[in-house]
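In: What follows is a predicted protein model with its sequence.
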Amino acid sequence: MHDTDLFTGLFVLFAVAFAAAVLMRVLRLPALIGFLLAGVVAGPSGLHLLEEEGVRALAELGVVLLLFTIGLELSVKQLWELRREALIGGGLQLALTAAIAAAVSAAFGVTGGAAVATGLVISLSSTAVVLHLLDERGSLETPYGRIALAVLLLQDIAVVPLTLLIPALAGGTSALAVLVVLAQAALLVAVVVLLARKAVPWLLDRITALRTREGFLLGVATIVFLITWLTGRAGLSPALGAFLAGLIISETEQRHLALAESAPFRDLLIAVFFVSVGMLVDAGALLANPWLPLLLGVVIYAGKTSLVAGIVRALGYPWRIGFKSGAALGQVGEFSFVLLLFAAELAVIGERQVQLLLAAAAVTLFLTPIAVSAAQREREPRVPRPATGGESQRSPDEPRFVLIIGYGHSGRMTARTLDALGLTWRALELNPATVKRERNAGAPIELGDASRPEVLAAARVQAASAVVVTINDRQAVRPILLRLRKTAPAAHVIVRARFAGEREELLALGADVVVPEEIEGSLAIVDHVMRFLGLAGDIRHRHIADLRAEGYRLRTTSVAELVGGEEAEPGELEPHVLEAGDACLRATVAELDLRRRTGAVAIALIRGARSLAPASTALAAGDRLLLAGARDEIARARDLLTGN
């Protein structure tokens, strides 16, 4: 292909994919459907705007990157949490769907190998479509959302052995040869994993320490394609190598960074893949007999939905959850196309059957958003889910979750305060040395760039009640705020700034509170000067409050507002643990008249893992009170509480 033809083809490819994505967005349908239709319209059997040559290579690269990101997104902990639904539910779904589809195909005259291949193709669902639909509707944490996720995880893992089994269905491969291939694959997996568990984390640590985005991206790409090349040289599918590379990197601290950097390329090449699949559809044959693929698509979708519903019911869930799970998993997925094209290449499935299955699969993709929307008319209660992203609902007694972006001095001080309150927090930090040190110390911190939506999703930002942005990079704060307002509009966002002049811009970008170091540093100096001059605490506090109001032109949010306690003037912030025998036990803070008698304020009461209202809760031994005020005021409060 000449350079001119190549660039013309790429222009047409991306133009039709873009138009299809926009149209599907307007129609509120999955973009994958639009990509398939774009390929049909622009391909050889349509307007002939695209040639298959050249597009197929990009499509194969898209499959490799998709398998890499699937491996990258998998979590051993997540699989363990969903083991029952994944192993039993997903295993039964995969086996029964393939067996039933193969039996029905054989009943209609399809030969043995082709019937089995057809069953395998139909058994898989679309991870891309289902997770997008559930996440968009906030259903990932419902019971049926968890079941769908578990089944999809098992299907994604099963793609690799299914791909290895397809050549055996061509008729020229013996059972012994299949076992040899599987043993070879298992040996390669073991060798790669053993080497990579030490080599890859060590190498990624060194690459990340360079603090260069280009270097990190190229380093990850080198690792992925090296492992992919090795599996290809071993006579196995390159896709297996890509999956292994993702699984290996998923166990390192750099997994969120790798996912964020690879996502744009993956999405681009996946669009190319589905357009190329659409190009294989014979539009003339489809228009000549549209009812057969339409009927087959409806039968496949209804059959998979009913089968999944029955399996879920057998697992002990109500029928309504079973049918919601089935509605989410009833379609034919992206890896089905991979298996189908592979089977066609090996002549396991004939051209006419390929065309019929391609069209029927497209019908199931069309049906999915319609059925999921109809199934969701009855809302299910949310349940907790492993840390994989998505919004969570907390009970009033559950500790609040605060996301700290940047773990320098300000971030650590915020974390210490939240620890003193017994509140849940997690942090994102770009310095690999800081992340390694703090993780070793037990801190819930991840390496990640908070300006990337994938990183924020992995940090479960939608579940955060507050986000504290403490980073020094002035330019990086702006894209972070824009992302936060899109992904977590309900979160209370507090931003650190260097200068007061930045405040209005940051508020306009979505910050709820901006804390300029210029103002707070000046107030600290004034407070120290007044202390040196011997001014009383109440005078200092009132003066500081007036200066702060003048500097901000509005009242800022205090720690008390985050935890639901009483408002306090600026000053020291210290925890105090009540002990058996203290004079304050069985009384409330309001009954003690703590503020009037000591000048200090109890802004939070922590009992176990719960944050309670200090003014109305009877105090008990073991309770932690967070006291705010001047040092002498806090000392008087301690004396009052203990009875000294």
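Out: Thanks, I have it. The shown structure was predicted, so the numbers you read here are calculated from the model rather than taken from an experiment.
In: List the buried residues for stretch 249-266?
Out: Buried residues in stretch 249-266, counted by 16 or more other C-beta atoms under 10 Å: 249-250, 252-263, 265-266. C-betas here are computed from N, CA, C, even on glycine.
In: Stretch 116-136 too?
Out: Buried-residue list, stretch 116-136, by 16+ other C-beta under 10 Å: 116-131, 133-135.
In: Tell me which of the buried residues of stretch 249-266 fall in helices.
Out: In this view, the buried residues of stretch 249-266 that belong to helices under DSSP state H are Ile249, Arg255, His256, Leu257, Ala258, Leu259, Ala260, Glu261, Ser262, Ala263, Phe265, Arg266.
In: What's the separation between the fourth one and Thr208?
Out: Taken as C-beta to C-beta, to the nearest Å, the spacing of Leu257 relative to Thr208 amounts to 7 Å.
In: Between the two, which contacts overlap?
Out: Between them, Leu257 and Thr208 share the neighbouring residues Phe216, Leu447, with contact defined by C-beta atoms under 8 Å, 6 or more residues apart in numbering.
In: Let me see the ranges of the strands in this protein.
Out: All strands of the chain, identified by DSSP state E, fall at 401-405, 424-429, 445-447, 466-469, 492-497, 513-516, 572-577, 601-607, 610-612, 624-629.
In: The ones you listed: lowest mean pLDDT?
Out: Ranked by mean pLDDT, the strands of the chain bottom out at strand 610-612, with a mean of 67.
In: Around Pro479, count how many other residues there are.
Out: Neighbour count of Pro479, defined by other C-beta atoms under 10 Å: 14.
In: swap in Asp639?
Out: Neighbourhood size, Asp639 [other C-beta under 10 Å]: 12.
In: For it, report the pLDDT, please.
Out: According to the prediction, Asp639 has pLDDT 88.
In: Can you give me the domain boundaries for this protein?
Out: Domains of the chain are assigned by automatic domain parsing as 52-375, 401-538, 563-642.
In: for stretch 289-299, which positions count as buried?
Out: Buried residues in stretch 289-299, counted by 16+ other C-beta under 10 Å: Pro293, Leu294, Leu296, Gly297.
In: Let me know the closest of those residues to Leu50.
Out: Closest approach to Leu50 among these (C-beta to C-beta): Pro293, at 22.0 Å.
In: That closest one: what's it in contact with?
Out: Residues near Pro293 by C-beta under 8 Å, 6+ apart: Leu286, Leu356, Ala359, Ala360, Ala362, Val363.
In: pLDDT value on the last one, please?
Out: If I follow you right, that is Val363. Per-residue confidence (pLDDT) for Val363: 87.
In: Next: the third one.
Out: If you check Ala359, the pLDDT there is 86.
In: what number of residues lie near it?
Out: When neighbours are counted by other C-beta under 10 Å, Ala359 registers 23.
In: Identify the residues contacting it.
Out: Residues near Ala359 by C-beta under 8 Å, 6+ apart: Val281, Leu286, Pro293, Leu294, Leu296, Gly297.
In: In terms of model confidence, name the weakest of those.
Out: For the contacts of Ala359, the pLDDT minimum is Leu286, 74.
In: How about that residue: what's its closest non-neighbour residue?
Out: Spatially, and ignoring its direct neighbours in sequence, Leu286 is nearest to Ala359 (5.5 Å; C-beta to C-beta, 6 or more residues apart in numbering).
In: got it, and Phe216?
Out: Ile207 (5.6 Å).
In: Could you check how far the one you found is from Ala464?
Out: To Ala464, Ile207 is 29 Å away according to C-beta to C-beta.
In: quick one: low-confidence ranges for the stretch 501-644 of the chain?
Out: Residues of the stretch 501-644 of the chain meeting the criterion pLDDT under 70: 523, 532-540, 542-544, 546-573, 609-611.
In: Just give me the neighbour total for the residue nearest to Phe216.
Out: Residues near Ile207, counting by other C-beta under 10 Å, number 21.
In: and it, what does it touch?
Out: When contacts are counted by C-beta under 8 Å, 6+ apart, Ile207 touches Gly215, Phe216, Gly219, Val220.
In: Can you tell me how far it is from Thr305?
Out: Between Ile207 and Thr305 the computed distance is 46 Å (C-beta to C-beta).
In: Give me the pLDDT for the residue lying closest to Gly246 once chain neighbours are set aside.
Out: Computed as C-beta to C-beta, 6+ apart, the closest residue to Gly246 that is not its neighbour in sequence is Gly71, at 2.5 Å. pLDDT recorded at Gly71 is 72.
In: Now tell me what touches stretch 316-327 from outside.
Out: Contacts to stretch 316-327, defined as C-beta under 8 Å, 6+ apart, come from residues 142-144, 147-148, 151, 304-313, 368, 371-372, 374-376, 378, 380.
In: What is the neighbour count of the closest residue to Leu315 other than its chain neighbours?
Out: Leaving aside its chain neighbours, Leu315 sits nearest to Gly89 (5.7 Å; criterion: C-beta to C-beta, 6+ apart). Look at Gly89: counted by other C-beta under 10 Å, it has 24 neighbours.
In: which residues does Gly89 contact?
Out: Contacts for Gly89 (C-beta under 8 Å, 6+ apart) come out as Ile147, Ala150, Val151, Ile311, Val312, Leu315.
In: Export those residues as JSON lines, with columns for pLDDT.
Out: As requested, the contacts of Gly89 are exported to JSON lines (pLDDT from 0 to 100):
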{"residue": "Ile147", "pLDDT": "88"}
{"residue": "Ala150", "pLDDT": "86"}
{"residue": "Val151", "pLDDT": "90"}
{"residue": "Ile311", "pLDDT": "93"}
{"residue": "Val312", "pLDDT": "91"}
{"residue": "Leu315", "pLDDT": "86"}
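In: now, which of those residues sits nearest Leu29?
Out: Val151 (22.4 Å).
In: residues near the closest one, how many?
Out: A count of neighbours around Val151, defined by other C-beta under 10 Å, yields 28.
In: So it versus Val12, what's the distance?
Out: In terms of C-beta to C-beta, Val151 sits 37 Å off from Val12.
In: same deal with Leu482?
Out: Counting by C-beta to C-beta, the gap from Leu482 to Val12 is 32 Å.
In: higher neighbour count, these two?
Out: Neighbour count, other C-beta under 10 Å: between Leu482 and Val12, Val12 has more, with 18 against 13.
In: Can you pull the phi/psi pair for the closest residue to the more buried one other than its chain neighbours?
Out: Leaving aside its sequence neighbours, Val12 sits nearest to Leu49 (C-beta to C-beta, 6+ apart; 4.9 Å). Phi and psi for Leu49, reported as degrees, to the nearest 10, are phi -80, psi -20.
In: Gln331 now?
Out: Phi and psi for Gln331, reported as degrees, to the nearest 10, are phi -80, psi 170.
In: Isn't it up against Ser125?
Out: Yes. Applying C-beta atoms under 8 Å, one finds Gln331 in contact with Ser125, separated by 5.9 Å.
In: Mind listing the shared neighbours of these two?
Out: Taking C-beta under 8 Å, 6+ apart as the contact rule, Gln331 and Ser125 both touch Lys304.
In: can the domains of the chain go into CSV with extra columns for distance to Gly39?
Out: Putting the domains of the chain into CSV (distance: least, C-beta to C-beta, whole Å) gives the following:
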stretch, distance to Gly39
domain 52-375, 2
domain 401-538, 27
domain 563-642, 53
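In: quick one: which of those domains is nearest Ala20?
Out: Of all those, it is domain 52-375 that lies closest to Ala20, at 8.0 Å by C-beta to C-beta.
In: of the contacts of Ile207, closest to Gly406?
Out: Among those, Phe216 lies closest to Gly406 (C-beta to C-beta), at 18.7 Å.
In: In this structure that closest one contacts Thr208, no?
Out: Yes. Counting by C-beta under 8 Å, Thr208 is a contact partner of Phe216 at 6.1 Å.
In: Quick check: neighbours shared by those two?
Out: Joint contacts of Phe216 and Thr208 (C-beta under 8 Å, 6+ apart) are Gln254, Leu257.
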